[in-house]
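> I'll drop the sequence and a predicted model, then ask my questions.
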Amino acid sequence: MTKEQIITATQKIVDTFTQTCNDVDEISFFKRLADKWSIAENLQHLILATSTSALAFQLPKFIVKLVGGKPNRSSRTFDELLAKYNKKLAEGATASSRFVPKPIEIKFGKEKLISKWKKATAKFINALQKNSTEQDLDNYLVKHPLLGRITLRELCYFTIFHTEHHLISISKINK
């Protein structure tokens, strides 16, 4: 995918996820089922992940290079990275502690949480759009807790399919 295709795909999944959250009543939004995250906790997890990913595009490139390095390979395709992610999940991988949402109560407010999500995703998309060239996406690495070192382009792919993964999760909760 090109940078513009990535931005379009990201905005589309973000809009779909947001609309799905908006369509759920507040009690169902915060209700936790057994050992599964509530819809609110799924959203909180995505806010943490997306905000962290946005930093890769907000920080000066020399810092990104210093922390992550330069790739010695081409960026994987969307499908290749998705296959690697699904393999990790099948092997039992879960969110690392930093990305595990804290229990969240209804008094926090659904609209407030959705607003935080909109701000986090807007920061991610704006930083990608303004601070990275097409070449930058393939020329810098970041450390991902599950996927190891990935290029900025792969981080964008992850953001898309990770959001979709949680959209599927919340859709199951909402049934």
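Everything's here; your move. Numbering: from 1, shown residues only.
> D136: what's it in contact with?
D136 is in contact with 61, 152, counting by C-beta atoms under 8 Å, 6 or more residues apart in numbering. Using the backbone N, CA and C atoms, a C-beta is placed for each residue, glycine as well.
> any idea how far I125 is from it?
The gap separating D136 from I125 is 15 Å, by C-beta to C-beta, to the nearest Å.
> same question for G148.
25 Å.
> between the two, which one's more packed in?
I125 (21 against 10; other C-beta atoms under 10 Å).
> roughly how far does the more buried one sit from F30?
27 Å.
> and if you look at F161?
Noted for F161: a distance of 26 Å to F30, by C-beta to C-beta.
> same check, this time on H165
H165 is 21 Å from F30, by C-beta to C-beta.
> helices and strands around the strand or helix carrying K87, which ones?
Per DSSP states H and E: K87 is located in helix 78-90. Judged by 3 or more C-beta pairs under 8 Å, 6 or more residues apart in numbering; DSSP states H and E, helix 78-90 is in contact with helix 152-173.
> okay, the angle between the helix it packs on and helix 78-90?
With axes from the mean of the first three to the mean of the last three C-alpha atoms, to 10 degrees applied, the angle from helix 152-173 to helix 78-90 works out at 50 degrees.
> which other helices and strands does helix 152-173 contact?
With contacts taken as 3+ C-beta pairs under 8 Å, 6+ apart, helix 152-173 sits against helix 3-22, helix 39-58, helix 78-90, helix 136-139, strand 141-144.
> what about dumping the CA coordinates of the third one to PDB?
Same thing as helix 78-90. The C-alpha trace of helix 78-90 is given here as PDB (Å, rounded to 0.1, in the frame of the first residue of the first chain):
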ATOM      1  CA  PHE A  78       0.200  -6.200   4.500                       C
ATOM      2  CA  ASP A  79      -0.700  -9.900   4.100                       C
ATOM      3  CA  GLU A  80       2.700 -11.100   5.200                       C
ATOM      4  CA  LEU A  81       2.600  -9.000   8.400                       C
ATOM      5  CA  LEU A  82      -1.000 -10.100   9.100                       C
ATOM      6  CA  ALA A  83       0.100 -13.700   8.700                       C
ATOM      7  CA  LYS A  84       2.900 -13.200  11.200                       C
ATOM      8  CA  TYR A  85       0.500 -11.500  13.700                       C
ATOM      9  CA  ASN A  86      -2.100 -14.200  13.400                       C
ATOM     10  CA  LYS A  87       0.600 -16.900  13.900                       C
ATOM     11  CA  LYS A  88       1.700 -15.100  17.100                       C
ATOM     12  CA  LEU A  89      -1.900 -14.900  18.300                       C
ATOM     13  CA  ALA A  90      -2.300 -18.600  17.500                       C
END
